[in-house]
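**Q** my questions are about this predicted structure, shown below with the sequence.
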There are 2 protein chains.
Amino acid sequence: MARTAAILIIGNEILTGKVKDQNVALLAAEFFALGVSLRRVVVCPDEVEVIARDVNELRLTHDFVITTGGVGPTHDDVTIQGVAAAFGRNITRSAEMEERLRAHYKERITEGHLRMADMPEGADLVRNAEVPWPTVAVENVFIFPGVPELLKLKFPVLRDRLRDGAPFATRAVYTLCDEGEIAELLISLVKAHPEVAIGSYIKWRGTDYTTKLTFDGKDSGAVDRAADALIAAIPQEKLVTLKAGSA
Amino acid sequence: MARTAAILIIGNEILTGKVKDQNVALLAAEFFALGVSLRRVVVCPDEVEVIARDVNELRLTHDFVITTGGVGPTHDDVTIQGVAAAFGRNITRSAEMEERLRAHYKERITEGHLRMADMPEGADLVRNAEVPWPTVAVENVFIFPGVPELLKLKFPVLRDRLRDGAPFATRAVYTLCDEGEIAELLISLVKAHPEVAIGSYIKWRGTDYTTKLTFDGKDSGAVDRAADALIAAIPQEKLVTLKAGSA
């Protein structure tokens, strides 16, 4: 079994439709490449009690939890309070983070900025050569910003820590089949290749292809066998080779 | 209090990063315009037990639940089983849906296609003049496809049923302020305007603006008063008027 992960996206802006989330796609691709199984994503509002309950549920049922959002200096940034409440810890100001913030903001620094040095008692500051600015972590919960550009800059701090053996191997087969006509075939493939996750996805009004079949697993040989079994089982004229980037 | 909604996105393709979800943004904007408060989004895998547990948790704590995904004819389409399990109901084949599917697929119809006529016992088929193809509903749970184009076509069936009084009013104020320098001001605005949800969002390396403040609420007069209070409180040279589409 691969290690498991969950994401908690904290932000009213997503729930009210003002901002389109970009972080799930970014993190999902990261986890897949690291061989970690992303099992769950939750989007919740900027409310301490809700965050605390979600962090607790997710951290107890997954190997890793990533939170995004709610880490700035304003009133709606309550992720640290939520994580602290989840663990039943007080909040303390990190001397190291305060020093870093003072060095960054210099004479412009405000109490609002300094709130970004607050963290749950006993939190870890995670960093590596690629990402020297610390990321706050409590046990298996890692606290990241919601701004996608910042998340992208900071996530590499976790890659070595999360990586779980081989990455997932994946194959995609594009066809002109209708899902209904291959449903029985897919059931037999699923039975014959239990170590491979097989997915079937239609393209609405697709002309280049109509159904895409995907094959994922930690064992690339098994993934290949499952994909090749599908290819052998459907009429050759229904197989499609897509140009790069057209899927 | 506005009526509340939750979304359950069912699909391994989102969790493995193969497909970027588009449905949350679409539905979040719909709910906001309908005056319904979207409180929670969950993304879960194509697994009956997980779907059942999530549907049960969400339906008992929200006025409406929308599921997307997992409604086609293949082995990985298990939403109907999950919803049926959530309600402890058997699955039955709808004569009306079977007739519609036979009329649609004609001589090409397969048992796979006919699985799309299966639904939890006692389910409702919801339709209206704009959307004649039925949507399956069990009590307050509405089952939609995951393909964004199809979801967009089908969602209007719910608008009249969900609408809750006034839509949310919203204002946005774009500024050249740093969040740290307005954090205290925002705390006082939040206290003075308790019926308005105030959000603060930075733009990473923004040059046209640096911080966007948003004001949401059912009372458009209150929303205006809160936004105008912010505008009055910060230096005029820090206020920015954006060109349409540049935010």
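**A** Nice, I can see it.
**Q** from here on, just use CA atoms for contacts and neighbour counts.
**A** Will do.
**Q** so what's A:Arg115 up against?
**A** Contacts for A:Arg115 (C-alpha atoms under 8 Å, 6 or more residues apart in numbering or on different chains) come out as A:73, A:93.
**Q** what part of chain A, helix or strand, is modelled with the least confidence?
**A** Here the helix or strand of chain A ranked lowest by mean pLDDT, DSSP states H and E is helix A:111-114, holding a mean of 92.
**Q** could I get that one in PDB with only the CA atoms?
**A** Coordinates of each C-alpha in helix A:111-114 appear next as PDB, following Å, rounded to 0.1, in the frame of the first residue of the first chain:
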ATOM      1  CA  GLU A 111       1.800  43.600  14.500                       C
ATOM      2  CA  GLY A 112      -0.100  42.100  11.600                       C
ATOM      3  CA  HIS A 113       3.100  40.900   9.900                       C
ATOM      4  CA  LEU A 114       4.400  39.500  13.200                       C
END
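**Q** tell me the spatial nearest neighbour of the residue nearest the centre of chain A, not counting adjacent residues.
**A** Against the mean C-alpha coordinate of chain A, by C-alpha atoms, centre = their mean, the closest residue is A:Leu27 at 3.2 Å. Distance criterion C-alpha to C-alpha, 6 or more residues apart in numbering or on different chains; nearest residue to A:Leu27, sequence neighbours excluded, is B:Gly17 at 7.8 Å.
**Q** report how many residues lie close to that neighbour.
**A** Using other C-alpha atoms under 10 Å in any protein chain shown, B:Gly17 has 20 neighbouring residues.
**Q** please identify the helix or strand for it.
**A** Here B:Gly17 sits in a region with no helix or strand, counting by DSSP states H and E.
**Q** which segments of chain A make up each domain?
**A** Here the domain parsing of chain A from automatic domain parsing is A:4-162, A:169-240.
**Q** next, format the ones you listed as CSV and append distance to B:Glu237.
**A** Putting the domains of chain A into CSV (distance: least, C-alpha to C-alpha, whole Å) gives the following:
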stretch, distance to B:Glu237
domain A:4-162, 18
domain A:169-240, 49
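**Q** closest one to B:Pro194 among those domains?
**A** domain A:4-162 (12.9 Å; C-alpha to C-alpha).
**Q** quick one: contacts for A:Asp208?
**A** By C-alpha under 8 Å, 6+ apart, the contact list for A:Asp208 reads A:176, A:240, A:242.
**Q** is the second one bridged to anything, and to what?
**A** The bridge-partner assignment for A:Val240, based on DSSP bridges, gives A:Tyr174.
**Q** what's the neighbour count on it?
**A** A:Val240: 17 neighbours (other C-alpha under 10 Å).
**Q** please identify the deepest-packed of the domains of chain A.
**A** The highest mean neighbour count among the domains of chain A, using mean count of other C-alpha atoms under 10 Å in any protein chain shown, belongs to domain A:4-162: a mean of 19.
**Q** where does pLDDT dip in chain A?
**A** A:243-247 (pLDDT under 70).
**Q** I figured A:Arg89 hits A:Pro120, correct?
**A** Yes - look at A:Arg89 against A:Pro120 with C-alpha atoms under 8 Å: they come within range, at 5.9 Å.
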